[in-house]
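**Student:** Could you work out the structure for the sequence below:
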Amino acid sequence: MGVSDELKAKRDEMAGRVRDLTAELADLQAQIAAVDTVIAIYEPEWKPEQPQKRRGRLPKADSAKDLDRIIGKTNKRQMTLEILRSARRPLSTAECAREFATRHGLPEDDPRVTSIGNRLSSVLDGLQKAGRVRHAGFLDGHRRQWEIAA
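**Tutor:** Numbers count the residues shown, from 1 in each chain. The predicted structure follows:
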């Protein structure tokens with residue numbers, strides 16, 4: 001059995017678990033509705049708590065605000081291009097994020113590096129559409145590697 005066959009088997013296993021959990025969730029919701037019905041018999045004025053609907057954007061987490069303070073004024077396109085130009089090989093988005101963090105004085109293992117990677121992902125997509133960077137294959141068959149378009 002090859003690596004791809006093992007990954008497919010693992011994916012099938014996870015998809016089955018999702019189906020099982022979805023079915024279990026539906027069963028629990030049906031049971032809650034049944035209990036609510038019985039409660040209403042004993043207390044007609046009782047109303048179950050309804051989950052509040054969210055409106056608008058969620059407030060930014062403190063770490064996101066802190067990250068904006070650190071890298072907010074940086075020209076992300078320009079720095080991303082500089083990082084790729086100075087690299088000796090194609091880089092993944094995560095590798096670009098780690099280098100971006102390092103250039104801003106953050107350690108590579110800082111938890112905000114993931115947020116930087118999320119932001120750089122859209123920057124890299126925009127640079128690709130502009131013809132400035134291109135995909136240079138995949139790292140581990142999943143994560144894109146990026147390089148300067150020649």
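**Student:** Please settle this for me: is L106 part of a strand?
**Tutor:** No. Assigned with DSSP: H, G, I helix; E, B strand; the rest coil, L106 falls outside any strand and is coil.
**Student:** who's in contact with it?
**Tutor:** With contact set as Cβ atoms under 8 Å, 6 or more residues apart in numbering, L106 has these partners: I70, R112, V113. Yep, even glycine has a C-beta here, placed from its N, CA and C like the rest.
**Student:** again, but for A101
**Tutor:** P107, E108, D110, R112, V113, I116.
**Student:** The chain: helices as residue ranges?
**Tutor:** 3-42, 62-71, 76-86, 93-103, 113-129 (DSSP state H).
**Student:** Pick out the residue nearest the middle of the protein.
**Tutor:** N118 (6.6 Å; Cα atoms, centre = their mean).
**Student:** Okay, that one and R112: tell me how far apart.
**Tutor:** 10 Å (Cβ to Cβ, to the nearest Å).
**Student:** go on, T93?
**Tutor:** 15 Å.
**Student:** which of these two has more neighbours?
**Tutor:** T93 (22 against 18; other Cβ atoms under 10 Å).
**Student:** so that one touches S122, yeah?
**Tutor:** No. Here T93 lies out of contact with S122, judged by Cβ atoms under 8 Å, at a distance of 10.0 Å.
**Student:** which residues make contact with the lowest-mean-pLDDT helix or strand in the chain from outside it?
**Tutor:** One helix or strand of the chain scores below all others by mean pLDDT, DSSP states H and E: helix 62-71, with a mean of 74. Helix 62-71 is contacted by residues K60, F100, H104, G105, L106, P111, R112, S115, I116, R119 when judged by Cβ under 8 Å, 6+ apart.
**Student:** Good, wrapping up.
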